[in-house]
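>>> okay, sequence plus prediction incoming.
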Amino acid sequence: VFEEQIFAGLGATQELFPIMGEYYRIIMPFFFAQFAMIALYFFIRLDGLPNLAAASLAVGAAINVVLDYLFIAVYDWGLTGAAFATGISQTIPLLVMLYYFFWPKRRLKFSFGQKNWKEIFQAAYNGISEFINEISGGIIAFIFNWMMIQRGGIDGVAAITVVNYLLLLGFMVFFSISDTIQVMLSQNFGARQTKRMEDFLKTASWLILFVSGFFITALLTLSESLILLFVDEQSGGKMVAMATELMAYVWPVFLFAGANMLISGYLTAIHLPFQSGMVALSSSLVLPGGFLFLLYILLSDYRFVAALAIAEGVTFVIAIIIFLRHTPSAAVVAIGKSLN
């Protein structure tokens, strides 16, 4: 009903309305499956079936790649094919996860007689940092797209989209490390196993350091080649040049983003939602938004995208300060005092 008003509010031009409408009219019916799959993933993993949860996501990712190739490259369905590929690849993992309800040892079940509302609200509060990360991503993307449309038109939006794809690859690895380690940290925090918590943090830190180094090296040495994986050089030469320029300003994000995600997840694991939310809010909304507007006003070219790297750097300082105040040993001592 309000399709055009929504597109206009997102900063799109009239010429983009038909393309956006084509995609979103197809993808919207699949949103329910996507939301259900995300929620079920966490419950299944926590109830002792992490392999099922991980396998379902892997199946979805593989199906998405195959269907994208078939629908776009083979059948030439364009955005319609991309939308169907995404929607189907979000639905299949949900069907795989439904096996959980036939698992005889499952401990979770649906119930309408909920009595422990206090625990539910406490759990929701503890997960506030994840909520901030999810909602702020859309807000920053909206701000980013609006600024790129004003500065670079459609080519600018296309260029930053390609850069975002490459950033997303690294962020997905960071998130998977942080998300996986969070469960282990939480369990050992409950058992007051300080040494195991420290060992898990060290392992995760080394993994993040390796991934950061890999992506930084790739972006600095192979940036144009990576961009050409998504763009035809002959038809999008201007956009390739613009994306290459943008890459030079955003690669420092990988110096800090992984550590920020890890510390935020750690703080959630030891039941410090306020501190975790502070790191998440700084990293994903307040500082990126503030620096984007500041640099957009001060600079007349595309250098304002460096706001993302600056925001991650400042957040890293904040996160380290908070972490040093709440190390595993300090957190275990504090929880012990609160229970005595």
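Okay, I see it.

>>> give the other helices and strands that the longest helix anywhere in the chain contacts.
The residue-count maximum for a helix in the chain (DSSP state H) belongs to helix 128-190. In this structure, helix 128-190 packs against helix 194-221, helix 223-227, helix 237-250, helix 253-269, helix 273-281, helix 287-298, helix 328-339, with contacts taken as 3 or more Cβ pairs under 8 Å, 6 or more residues apart in numbering; DSSP states H and E. Glycine gets a C-beta too; all of them are placed from N, C-alpha and C.

>>> please repeat the previous calculation with a cut-off of 6 Å.
Helix 128-190 is packed against helix 194-221, helix 237-250, helix 253-269, helix 273-281, helix 287-298, with contacts defined by 3 or more Cβ pairs under 6 Å, 6 or more residues apart in numbering; DSSP states H and E.

>>> quick one: that helix to helix 287-298, angle?
Between the axis of helix 128-190 and that of helix 287-298 there is an angle of 140 degrees, by axes from the mean of the first three to the mean of the last three Cα atoms, to 10 degrees.

>>> so what's the gap between helix 128-190 and the chain middle?
When distances are taken as Cα atoms, centre = their mean, to the nearest Å, helix 128-190 is centred 4 Å away from the chain's centroid.

>>> cool, stretch 320-339 as well?
Taking Cα atoms, centre = their mean, the mean C-alpha location of stretch 320-339 is offset from the chain mean by 27 Å.

>>> how about it: buried residues?
Residues 322-323, 326-328, 331-332 are the ones in stretch 320-339 that count as buried (16 or more other Cβ atoms under 10 Å).

>>> can you put the residues you listed in TSV and add pLDDT and distance to F200?
Written out in TSV, the entries for the buried residues of stretch 320-339 read as follows (pLDDT from 0 to 100; distance: Cβ to Cβ, whole Å):
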residue	pLDDT	distance to F200
I322	96	18
F323	96	14
H326	94	15
T327	94	13
P328	94	9
A331	91	13
V332	90	14
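
>>> closest one of those residues to P252?
F323 (20.8 Å; Cβ to Cβ).

>>> check contacts around the closest one.
If a contact means Cβ atoms under 6 Å, 6 or more residues apart in numbering, then F323 has I263 as its contacts.

>>> quick one: distance of the helix or strand harbouring it to the chain centre.
Assigned by DSSP states H and E, F323 falls within helix 307-325. Averaged C-alpha coordinates place helix 307-325 at 18 Å from its chain's average position (Cα atoms, centre = their mean).

>>> one more: stretch 172-192?
16 Å.

>>> one more: stretch 82-95?
When C-alpha coordinates are averaged (Cα atoms, centre = their mean), stretch 82-95 and its chain have centres 18 Å apart.

>>> then it to CSV, C-alphas only?
As requested, C-alpha coordinates have been extracted for stretch 82-95 and formatted as CSV (Å, rounded to 0.1, in the frame of the first residue of the first chain):
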residue,chain,number,x,y,z
ALA,A,82,17.8,-13.2,-6.8
ALA,A,83,14.7,-12.7,-4.7
PHE,A,84,13.4,-16.2,-5.2
ALA,A,85,16.9,-17.6,-4.5
THR,A,86,17.2,-15.7,-1.3
GLY,A,87,13.6,-16.6,-0.1
ILE,A,88,14.0,-20.3,-0.9
SER,A,89,17.4,-20.5,0.8
GLN,A,90,15.9,-18.9,3.9
THR,A,91,13.0,-21.4,4.0
ILE,A,92,15.0,-24.6,3.5
PRO,A,93,17.0,-24.2,6.8
LEU,A,94,13.8,-23.7,8.7
LEU,A,95,12.5,-27.1,7.3
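
>>> what residues sit buried inside that stretch?
Along stretch 82-95, these residues count as buried under the neighbour rule (16+ other Cβ under 10 Å): 82-94.

>>> so which of those residues sit within helices?
Using DSSP H to define helices, the subset of these located there is 82-94.

>>> closest one of those to E4?
Taking Cβ to Cβ as the measure, E4 lies nearest A83 of those, at 18.4 Å.

>>> the closest residue in space to the closest one that isn't next to it in sequence in helix, strand or coil?
Once flanking residues are discounted, A83 sits nearest to I26: 3.8 Å by Cβ to Cβ, 6 or more residues apart in numbering. Under DSSP: H, G, I helix; E, B strand; the rest coil, I26 falls in the helix class.

>>> neighbours of I26, just the number please.
Look at I26: counted by other Cβ atoms under 10 Å, it has 17 neighbours.

>>> ok, now I27?
For I27, the tally of surrounding residues (other Cβ under 10 Å) stands at 18.

>>> with adjacent residues omitted, what lies nearest to it?
Take I27 and drop its neighbours on the chain: the residue closest to it by Cβ to Cβ, 6+ apart is A83, 4.6 Å away.

>>> ok, that neighbour touching M28?
No: counting by Cβ atoms under 6 Å, A83 stays clear of M28, with 9.2 Å between them.

>>> which ones are touching S282?
Applying Cβ under 6 Å, 6+ apart to S282 gives the contacts 315, 318.

>>> in the protein, which ranges drop under the pLDDT threshold?
1, 10-12, 129, 230-236, 339-340 (pLDDT under 70).
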